[in-house]
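Undergrad: The sequence and its predicted three-dimensional model are supplied below.
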Amino acid sequence: MKRQILIILALLPLLLAAQVGDLPRSTPAAEGISTQAVINMMDSLMALPECDIHHVVVMRHGKVVAELHPAPFRAEDSHTLYSASKTFTSLAVGIAIDENLLRLTDRVMTFFPDKRSIQVSDNMADMTVRDLLMMASGVKPDWTMRNNSTDWVKDWLAKPVDDKPGSVFQYDSMCTFMLSAIVQRVTGQTMLEYLQKKLFDPMHITVADWETSPDGINTGGWGLRVQAETMAKLGQLLLNKGNWNGVQLVSADYVQQACSRLIDGGAKETVPPTDGNQGYGYQVWQSKWPGSFRADGAMGQYTVVVPQEDLVVVILGMKLYGHEELACIWNQLMPGLKDAPLKPENKLQKRLDKLCANAVLPFPQGKMGNKQHKLLQLAPNKLDLAQITLDFGAAGNTMEVKRNQQATESFVLGYRSWQYSPVAGHPVYSINAINRMQGFKHGFTDAAAYAWTTPKKLEVRVHYVDWISGTTYVFDFDKNELTIRDTYPNSKAETISFTVQ
C-alpha cells in the first residue's frame, strides 16, 4: 500500500499536466499559413519593448501549428488570466440558461433576497442578467470595494444605480463577480465546480483553479488560472459556437450572441479603428479584424478568434498595454494566411522549430562570481523584508528571503540558466482584493537566475512561472543598498539599505 501511495505521489505532477498536447498538431504550411509569417509574428512578439511573452499558441482548422513558451515558462505551467477569466464566466451563465436555471431577463435582485437593502431603487430592481453580461449595470465602477468589503454581493447591491441598466457600457469586474454569485446561487456549486462538470471535463481541461471572495464565491471577473492550451481550447469552442467534438456544450445561439457586438464598449472611435473601440458582447470583446473577437485580460492576456479564417491565436504575457501584441497578429500573421495548404516549407519549418525550442527570456548579464556566503540585515521597509541570505558554493547557489512573521522564501539561482523552486508563499500580485490568492488548489513555482554585473553588484531575476509576475533584485555592495522592482509595468522600485552580518 505504501508503495502504491509513493507511485501516485510521483505521478501526480504528470497527471496535473496531462492535458498538454491534447490538441492535434500540424504545420503552418499544411494548414495554409506561410511559415515565414508565423516566424515574423513570433519574432515581433519577442522583440516588443517592455514586454515578457510567456506563451503563444497558433491554431488553424482545429490544429496547433505553432507554439512558443519562452524559458523559464513551459507549456504545462498555468497562467493567471486577469479579465480573460470573464469569458469563462459568460459560458457558465450560458450553460445555466441552457439548463433552465436562469434567463437573460431575470432580475439580479431576485437571486439575493437575503442581501437586499431596506430600499431598492427602481434601476436596481430593473437590472437583469443580460445587463451584467454587457457591462451595462448602471452602477458606477468602484475598483476599491473589493479591497475593503467582506460581503461583496451585499455591498455592491447597495450601490446607487445612476444609469438605466442596459443603456451605458461601464467596464466593471464586479459585474462579472455578480454573475458568478448568481451561478453559485442557482446551481448550488461554485462556478468552477459547475464548469468542471459541464465544460472542463468534456474538454479534458484538468488544470484549473480560481480565486474566491471572502465568502467563497469564485471572483468571476479575474483570478482564473489555466494552461495556455486551455485558452486555445476556449478559442476553438467559441469558433465552433459551443460545440466540442460533436457535443454541444453551450448553445450555439448563446455563443453567437456572446461573441457579437451588443454594446459600443465605451472607447472613443478613432481613425483608423483600434481593437479597443470595436464593441462588446457577453464578456467578449470585438476586435478590429472583420468578424474577429477575443477574450481579453490585463497585462496582455489574449485569446483571439477569427472565424472567417478558422484561426485561433493565444498570447499570454506581461505588458501594460497589449495592443502591440494584437498588432503582431494583424500585421505579421494575417497576410500569410491562404485558402489552401501550401507546399512543404522544410527549411522555414526548421527555423520555426528552432526559434520555438530555444526561446528564452533574458538572463541577468555578467559573471558567475566567486564562492561566498552573505547574510544581509535589511533596514525597515514597506515590503516587510527582514533578512536575505546569499549562498554561492559548491552545493549550488541560493537566495533566502525572510519577511517579518512570514515563511522564508528560498530561491535556487541559475547562472545563464533558469532554476526552479517551489514558492513558500504567494507570487507578487497587482490586485489587493480581500481574500486575494485564496481558492487556488495548486501551489506556485518560481524560476531564478543571477549574475554579478560588476564585482560589487549582483542581479537576481525571478519569474513566477505558473502565475505572471516576477521580481528583480539588485544588490549594490558598494552602497550597501538593495533595489527591488516587480515586473509589472510601471511598478516603482523600492531601495532598501542593508548591513552585511
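TA: Sure, I can see it.
Undergrad: Please count neighbours and contacts with C-alpha atoms only from this point.
TA: OK.
Undergrad: in a helix, that's where residue 331 is, yeah?
TA: Yes - counting by DSSP: H, G, I helix; E, B strand; the rest coil, residue 331 is part of a helix.
Undergrad: now it: how far from residue 303?
TA: 17 Å (CA to CA, to the nearest Å).
Undergrad: Among the two, which residue is more densely surrounded?
TA: Per other CA atoms under 10 Å, whichever of residue 331 and residue 303 has more neighbours is residue 303, with 27 against 14.
Undergrad: could you say which helix or strand contains that one?
TA: Residue 303 belongs to strand 301-306 when assigned by DSSP states H and E.
Undergrad: Mind giving me the packing neighbours of the helix or strand following that strand?
TA: Note on strand 301-306: by DSSP H and E, the next helix or strand toward the C-terminus is strand 311-318. Contacts defined by 3 or more CA pairs under 8 Å, 6 or more residues apart in numbering; DSSP states H and E place strand 311-318 against strand 52-60, helix 228-239, strand 301-306.
Undergrad: hmm, try it at 6 Å
TA: Packed against strand 311-318 by the contact rule (3 or more CA pairs under 6 Å, 6 or more residues apart in numbering; DSSP states H and E) you find strand 52-60, strand 301-306.
Undergrad: contacts for whatever helix or strand comes next after the first one?
TA: For strand 52-60, the succeeding helix or strand toward the C-terminus, using DSSP H and E, is strand 63-68. With CA atoms under 6 Å, 6 or more residues apart in numbering as the test, strand 63-68 has contacts from 24, 25, 26, 27, 28, 55, 56, 57, 58, 59, 356.
Undergrad: Just list the residues touching the third one, thanks.
TA: Meaning residue 26. 63, 65.
Undergrad: try residue 83
TA: The contact partners of residue 83, taken as CA under 6 Å, 6+ apart, are 221, 222, 297.
Undergrad: out of the residues you listed, who has the most neighbours?
TA: Neighbour counts for the contacts of residue 83, by other CA under 10 Å, peak at residue 221, which reaches 28 neighbours.
Undergrad: Please report the distance of residue 76 from residue 226.
TA: 9 Å.
Undergrad: Please apply the same query to residue 378.
TA: 36 Å.
Undergrad: what does residue 120 give?
TA: Applying CA to CA, the value for residue 120 to residue 226 is 38 Å.
Undergrad: Of the two, which one has the most company?
TA: Regarding residue 120 and residue 226, a neighbour count based on other CA under 10 Å identifies residue 226 as having more, with 23 against 16.
Undergrad: Who does that one form a beta bridge with?
TA: Beta bridges link residue 226 to residue 79, residue 208, judged by DSSP bridges.
Undergrad: do the same with residue 481
TA: Beta-bridge pairing for residue 481 (DSSP bridges): residue 476, residue 497.
Undergrad: separation between it and residue 193?
TA: Taking CA to CA, one finds residue 481 at 47 Å from residue 193.
Undergrad: just residue 68 next, same as before
TA: As defined by CA to CA, residue 68 lies at a distance of 30 Å from residue 193.
Undergrad: out of those two, which sits in the busier spot?
TA: Neighbours were counted for residue 68 and for residue 193 using other CA under 10 Å; residue 68 has more, 25 against 16.
Undergrad: per-residue confidence at that one?
TA: Looking at residue 68, its pLDDT reads 98.
Undergrad: Quick test: name the residue nearest the centre of this protein.
TA: residue 81 (2.0 Å; CA atoms, centre = their mean).
Undergrad: ok now do residue 267, which residues does it touch?
TA: Shown in contact with residue 267 (CA under 6 Å, 6+ apart): residue 277.
Undergrad: That one falls within a strand, correct?
TA: No - per three-state DSSP, residue 267 lies outside any strand segment and is coil.
Undergrad: Tell me the pLDDT of it.
TA: For residue 267, the pLDDT comes out at 78.
Undergrad: again with residue 12
TA: 44.
Undergrad: And for the one 5 residues further on?
TA: We note a pLDDT of 49 for residue 17 in this prediction.
Undergrad: ditto for residue 490
TA: For residue 490, pLDDT reads 84.
Undergrad: just residue 408 next, same as before
TA: As predicted, residue 408 sits at a pLDDT of 89.
Undergrad: Residue 106 too?
TA: pLDDT, read off for residue 106, is 98.
Undergrad: One more: the one 4 residues further on?
TA: Here the pLDDT value assigned to residue 110 is 96.
Undergrad: so residue 496 makes contact with residue 484?
TA: No - with contact defined as CA atoms under 6 Å, residue 496 does not count as touching residue 484 (8.2 Å).
Undergrad: And the helices in the stretch 251-400 of the chain?
TA: Assigned by DSSP state H, counting those that start in this stretch, the stretch 251-400 of the chain shows helices spanning 252-258, 323-328, 346-358.
Undergrad: and what of the stretch 101-250 of the chain?
TA: According to DSSP H, counting those that start in this stretch, the helices that the stretch 101-250 of the chain contains are 122-126, 129-133, 145-148, 152-157, 173-187, 191-195, 228-239.
Undergrad: a markdown table for those, including distance to residue 471 and mean pLDDT?
TA: As requested, the helices of the stretch 101-250 of the chain are exported to a markdown table (distance: least, CA to CA, whole Å; pLDDT from 0 to 100):
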| stretch | distance to residue 471 | mean pLDDT |
| --- | --- | --- |
| helix 122-126 | 43 | 95 |
| helix 129-133 | 35 | 98 |
| helix 145-148 | 23 | 95 |
| helix 152-157 | 31 | 96 |
| helix 173-187 | 26 | 98 |
| helix 191-195 | 30 | 98 |
| helix 228-239 | 22 | 98 |
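Undergrad: and the contacts of strand 63-68, which are buried?
TA: For the contacts of strand 63-68, a burial check counting by 16 or more other CA atoms under 10 Å picks out 26, 27, 28, 55, 56, 57, 58, 59, 356.
Undergrad: State the distance from residue 99 to residue 194.
TA: The value you get for residue 99 to residue 194, if CA to CA is used, is 12 Å.
Undergrad: for residue 277, that is, sorry about that
TA: Taking CA to CA, one finds residue 277 at 33 Å from residue 194.
Undergrad: got it, and residue 446?
TA: Here the criterion is CA to CA. By it, residue 446 lies 30 Å from residue 194.
Undergrad: Between the two, tell me which one has more neighbours.
TA: residue 446 (25 against 18).
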